[in-house]
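# Build me a structure from this.
(chains A and B)
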Amino acid sequence: MTKLLLKKLTKTFERRVIFKDINLEWNGPGLFGIAGPNGSGKSTLVKVVTGLISATAGEITIETDGKKLSPSTAIDYIGFASPYLTLYDEFTAKENLEFAVNIRGQQLDEAKMDQLLEHFSLLKRKNDFVKAYSSGMKQRLKIIFAFIHNPDMIILDEPTANLDAEGKQKVYDLVKQTAKEKMVIFATNEEEELAMCDEIIKILSYQPAGRN
Amino acid sequence: MFRRALWLFNKDLTSELRTRYAINALAMFIIVTISVIMFAIGQETISAALAGGLLWVVIFFSAMSGLSRAFVSEEERGTSLLLQLVASPTVVLTGKLFYNLILVFAMNMVILVLYSALFDAFVLKNVYIFFFSFVLGNTGLAFASTIIASIIAKANSKGTLYPVLSFPILLPLLLMLVEITKRCSEGVKFEDIAPEFFALVSYNVVIAAVSYMLFDFIWKE
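Just a heads-up that it's a prediction; the model follows:
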């Protein structure tokens, strides 16, 4: 069981307030959504939760099976994918996934890797360099990257960007299956994706009080 | 932690062997710098002390041309985010440090061999002391260049900033190394050079401690 707790979470870039006083408590397994218009701070929020950037104020607590995770250990329990994540072009798909698992101190489960690559129709291309992949294939590989180390919490920021209808369906199938056992978080504007979620938090573009 | 850092080192080394960003830059710079010094000296006779000093000039400028790649290449290709996702700051710094250590030692061995072969004036009467100072100097150079590379990687004018920021940090190290090399060419005994030697060790300890203390803040935002 995974728990995400945000208390009065605030993020500002210099004077610009991205979001302010966000409170939520999500208990996994399940599928959770972060919605909001463009520029509302969805990506910033998931980066803060993932530990990629720090919050200006507030508190983030991530627990798995009752154990509170420190920022340095959380990276082993969180899977993350987004269109702005860049994989190593000079490595093959297999080498990228192997690196993502090994640097976390785990052993690569080749059977699981092949199963995920097969699910996303990339198995035959696993030994090709990523630089030879199309943008859609790279996005599929990024989704696998988020799942490959068997994380307890998977955060997917606009997971279906660059994907065709078939690719989107493959992501939805995997996410629905995974959400039965783990916490999966979508940051998206897609109505179809939000409709799948058990709980949704909507972030509105923050405007300081007194401004029109 | 070391196992994880070794995976990062392995990734960087494989990446370097495939792309040859740093190796090519370093090789070209070594050849150009040594050639310029050879042409500048011409038929003149230079002292062993001056030859020793020029060796560290070659090493400093060669280091400036390639050692920033460890972090700059991640930033330029947009893969820093991936590294932040999979590894803690300590693992990243240690892995990058291993990589720069190997690069510095390989680069400086090539420079030393070429320099010894091409400059007759470069004579060492106490090879052992020079060897130990060379090892300590390379370690200090790798530590300093790694942490500076992580700082400048996020800046817009990386190429200019790297030597400018490195110079004041590396100056004490270079001054000590030039002095030790000069004394080695005069056949100094260890007792006479011990203060410089201990200062070299202290420099390494300080730069290593500061690197690990600061890196969390540099790497995160």
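# Going by C-alpha atoms from here, please, whenever you check contacts or count neighbours.
Will do.
# can you tell me the helix or strand for residue 61?
The chain I'm using is chain A. In the assignment (DSSP states H and E), A:Thr61 maps to strand A:57-64.
# You answered for a different chain; I wanted chain B.
Counting by DSSP H and E, B:Phe61 is found in helix B:48-66.
# Can you name every helix or strand that that helix contacts?
Secondary-structure packing of helix B:48-66 (3 or more CA pairs under 8 Å, 6 or more residues apart in numbering or on different chains; DSSP states H and E): helix B:21-41, helix B:89-118, helix B:158-185.
# Report the buried residues of it.
B:48-49, B:51-60, B:62-66 (16 or more other CA atoms under 10 Å in any protein chain shown).
# give the contact list for whatever residue of chain A ends up closest to chain B.
Using CA to the nearest CA, A:Ile103 is the residue of chain A that sits closest to chain B, at 4.7 Å. Contacts of A:Ile103 were listed using CA atoms under 8 Å, 6 or more residues apart in numbering or on different chains, and they are B:Arg3, B:Arg4, B:Ala5, B:Trp7, B:Leu8, B:Val86, B:Ala87.
# Next one: it relative to B:Lys182, how far apart?
44 Å (CA to CA, to the nearest Å).
# just B:Ile37 next, same as before
Separation of B:Ile37 from B:Lys182 (CA to CA): 18 Å.
# Where does pLDDT dip in chain A?
Along chain A, segments meeting pLDDT under 70 span A:205-212.
# and with 80 instead?
A:28, A:71-72, A:204-212 (pLDDT under 80).
# so the residue nearest the centre of it, which of the three states?
Geometric centre of chain A, nearest residue: A:Ile155, 2.2 Å, by CA atoms, centre = their mean. The three-state assignment at A:Ile155 reads strand, by DSSP: H, G, I helix; E, B strand; the rest coil.
# re the thing from before, could the helices and strands packed on helix B:48-66 be laid out in a markdown table, adding mean neighbour count and distance to chain A?
A markdown table is the format used below for these (neighbours: other CA atoms under 10 Å in any protein chain shown; distance: least, CA to the nearest CA, whole Å):
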| stretch | mean neighbour count | distance to chain A |
| --- | --- | --- |
| helix B:21-41 | 16 | 12 |
| helix B:89-118 | 19 | 8 |
| helix B:158-185 | 18 | 21 |
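# can I get the ones you listed in CSV with mean pLDDT and distance to B:Val72?
Shown next, in CSV, are the helices and strands packed on helix B:48-66 (pLDDT from 0 to 100; distance: least, CA to CA, whole Å):
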stretch, mean pLDDT, distance to B:Val72
helix B:21-41, 87, 11
helix B:89-118, 92, 11
helix B:158-185, 88, 8
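# Just the C-alphas of the helix holding B:Phe61, formatted as PDB.
C-alpha atoms of helix B:48-66 as PDB (Å, rounded to 0.1, in the frame of the first residue of the first chain):
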ATOM      1  CA  ALA B  48      64.300  22.100 -16.100                       C
ATOM      2  CA  ALA B  49      62.300  24.300 -13.700                       C
ATOM      3  CA  LEU B  50      60.600  26.100 -16.700                       C
ATOM      4  CA  ALA B  51      60.000  22.900 -18.500                       C
ATOM      5  CA  GLY B  52      58.300  21.500 -15.400                       C
ATOM      6  CA  GLY B  53      56.100  24.600 -15.100                       C
ATOM      7  CA  LEU B  54      55.100  24.400 -18.800                       C
ATOM      8  CA  LEU B  55      54.100  20.800 -18.200                       C
ATOM      9  CA  TRP B  56      51.400  21.900 -15.800                       C
ATOM     10  CA  VAL B  57      50.300  24.700 -18.200                       C
ATOM     11  CA  VAL B  58      49.600  22.000 -20.800                       C
ATOM     12  CA  ILE B  59      47.800  19.900 -18.200                       C
ATOM     13  CA  PHE B  60      45.600  22.800 -17.000                       C
ATOM     14  CA  PHE B  61      44.500  23.900 -20.500                       C
ATOM     15  CA  SER B  62      43.900  20.400 -21.700                       C
ATOM     16  CA  ALA B  63      41.800  19.700 -18.600                       C
ATOM     17  CA  MET B  64      39.800  22.800 -19.400                       C
ATOM     18  CA  SER B  65      39.000  21.600 -22.900                       C
ATOM     19  CA  GLY B  66      37.500  18.200 -22.000                       C
END
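# Return the residues of chain A in contact with chain B.
Chain A comes close to chain B at residues A:50, A:52-54, A:72, A:75-76, A:80, A:85-88, A:90-91, A:99-100, A:102-105, as judged by CA under 8 Å from any CA of the partner chain.
# Just the buried residues of the residues you listed.
Buried members of these, counted by 16+ other CA under 10 Å: A:50, A:52-54, A:75-76, A:80, A:85-88, A:90-91, A:99-100, A:102-105.
# Mind checking which of these are in helices?
Taking DSSP state H as the definition of helices, these contribute A:Thr50, A:Phe99, A:Ala100, A:Asn102.
# Single out the residue in chain B that lies closest to chain A.
Closest point on chain B to chain A, by CA to the nearest CA, is B:Arg4, at 4.7 Å.
# Contact partners for that residue?
Taking CA under 8 Å, 6+ apart as the test, what B:Arg4 contacts is A:Asn102, A:Ile103, A:Arg104, A:Gly105, B:Ala87, B:Val91, B:Gly95.
# Neighbours of residue 70, how many?
Because you didn't say which chain, this covers chain A. Neighbours of A:Ser70 under the rule other CA atoms under 10 Å in any protein chain shown: 11.
# sorry, should have said chain B
Using other CA under 10 Å, B:Ala70 has 24 neighbouring residues.
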